[in-house]
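[1] Predicted model and sequence follow; I will ask about them next.
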Amino acid sequence: MNPTQTKPAEQSGSARIGLGIVEFIIIIALMTASISMGIDSMLPALPNIGQSLAVANPNDTQLVIGVYFLGFGICQLFFGSLSDAYGRRNILLGGLIFYTVTLFAAAWSGSLTTLLVLRFIQGVGAAAVRITTLAIVRDCFGGREMARVMSYVTIVFMIMPMVAPSVGQLIVAHSNWQWIFIALGIASAALFLIAFFRMKETLPDNERLPLSISSVMSGFKTVLTNRVTCGYMLGLTLFTGVICAYVVSVQQVFGEVYGLGDWFPIAFAATAGGTAVAQFANGYFVRSYGMRRISHVAMIIFTVLGAFGYVAGTAGLPSFLFTYILISVMLMMFAVITTNFMAISLEPMGHLAGTAAAITSSVSTTGGVLLGGIVGQMFDGTVQPLIAGFTIFGALTIVATLWAEKGKLFTHPGDSPQLEPGMGHV
């Protein structure tokens, strides 16, 4: 790209990374997408994995997804600090090596225990990739240009859940589940080579921060002692439990309860498409109505729908169409809630927003995985445990939000929807 034809933000960003803007976006988007592929492409293969590894309890195959989430959640916080101290490139390359090696190793797992250990390490590697790619974008771009770059990256990330199950389904239809890991390993190895040869370090030595446990602990204290940040972090944790419960249970609910078979990837893709639509709609309406009003309404709708669905299920197995529409709409509410809750939780943090974001993301992901895993393990051949879990998480989120807002919903002292932070980053 000719530097004279770029905007100042693009020029400085391209100069720092050593890539053109288009190539930069493609590489970052592919790295981010590889994390999602490591989750969603596994879903159609879970029954095959269970049979191949002689898993006695079918619910235990959910752990193939759950432990990946767990490794991803726990380590996000640490990689943020490590990349600030030792540079983005080193941590990114190390994460890609971990991710690649354990993907290939997983293809030769002889037991569920071995596979789960490798999946946890894959989650650790994925966390390094996720945190460093976000940090690289922050290093290279600011303001509206950063928002523009992240919007393109997010589009690719949102497309992945629509296509990843179909890729997994295609592989297991013509081969065995091990080839999913081999295919992902080849893709990850290619990304490592691209990063090694094409990406420069974006954090100069004079901008690096010393690794300090005390700074992390101070950040935790700040987050936990702020009522709004802590309350909305609890809500984010509960709604991370919602998505984790859905992901670990969806193959059994759609595949076993309703017998979708080869139609499963299409059904999963459609729900993912619904969440994408909800995200875009939120970006449009949030300017007019504000984050609190939209997310609080969505939170109540989610909980009411869950309670209605659970009551309907007590009379017998609901039709697939009823369950599918119910879950799809609830997941659309989930997308709106989590997007706004994260922004609201960071409002009071000021210059600590980066640290607070890392802490909030790590805590909510780790806690949500544990909560979602409990719901998944309660699968009993019906859709009731999943809907019950959704409803309970929604109700507890209402309680946490009321606590954060001192008993008031929909508004906040001093709120003006046009002035709420983050309104310009649609």
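    Structure's in. What do you need? Numbering: from 1, shown residues only.
[2] Can you get me the start-to-end distance on stretch 78-94?
    One end of stretch 78-94 to the other measures 14 Å (C-alpha to C-alpha, to the nearest Å).
[3] How about the backbone phi and psi for Gly290?
    When read as degrees, to the nearest 10, the backbone of Gly290 gives phi 90, psi 150.
[4] going forward can the numbers begin at 44, since that is how I track them
    Okay, using 44 as the starting number, the last item reads as Gly333.
[5] Kindly state the pLDDT recorded for it?
    At Gly333, the model reports a pLDDT of 84.
[6] Okay, it and Val372: tell me how far apart.
    As defined by C-beta to C-beta, to the nearest Å, Gly333 lies at a distance of 22 Å from Val372. Using the backbone N, CA and C atoms, a C-beta is placed for each residue, glycine as well.
[7] before we move on, what about Val172?
    Distance, Val172 to Val372, using C-beta to C-beta: 32 Å.
[8] Mind checking which of the two has more residues around it?
    Comparing Val172 with Val372 by other C-beta atoms under 10 Å, the one with more neighbours is Val172, at 27 against 17.
[9] So that one sits against Arg131, correct?
    No - Val172 lies out of contact with Arg131 (C-beta atoms under 8 Å); the separation is 10.8 Å.
[10] Tell me which helix or strand comes right after the host helix or strand of Ile82.
    Per DSSP states H and E: Ile82 is located in helix 64-83. Sequence order places helix 89-95 as the next helix or strand after helix 64-83, per DSSP H and E.
[11] List the buried residues in that next one.
    Applying a neighbour-count criterion of 16 or more other C-beta atoms under 10 Å, one finds 89-93, 95 buried in helix 89-95.
[12] helices and strands around that helix, which ones?
    Packing contacts for helix 89-95, counted by 3 or more C-beta pairs under 8 Å, 6 or more residues apart in numbering; DSSP states H and E, involve helix 106-129.
[13] now for the helix it packs on, which elements pack on it?
    On a contact count with 3+ C-beta pairs under 8 Å, 6+ apart, helix 106-129 meets helix 64-83, helix 89-95, helix 131-149, helix 155-183, helix 256-267, helix 270-293, helix 396-420.
[14] Let me know the distance separating the residue lying closest to Thr357 once chain neighbours are set aside from Thr366.
    Leaving aside its sequence neighbours, Thr357 sits nearest to Gln427 (C-beta to C-beta, 6 or more residues apart in numbering; 7.7 Å). Between Gln427 and Thr366 the computed distance is 10 Å (C-beta to C-beta).
[15] Likewise for Asp248?
    Distance check for Asp248 against Thr366: by C-beta to C-beta, it reads 56 Å.
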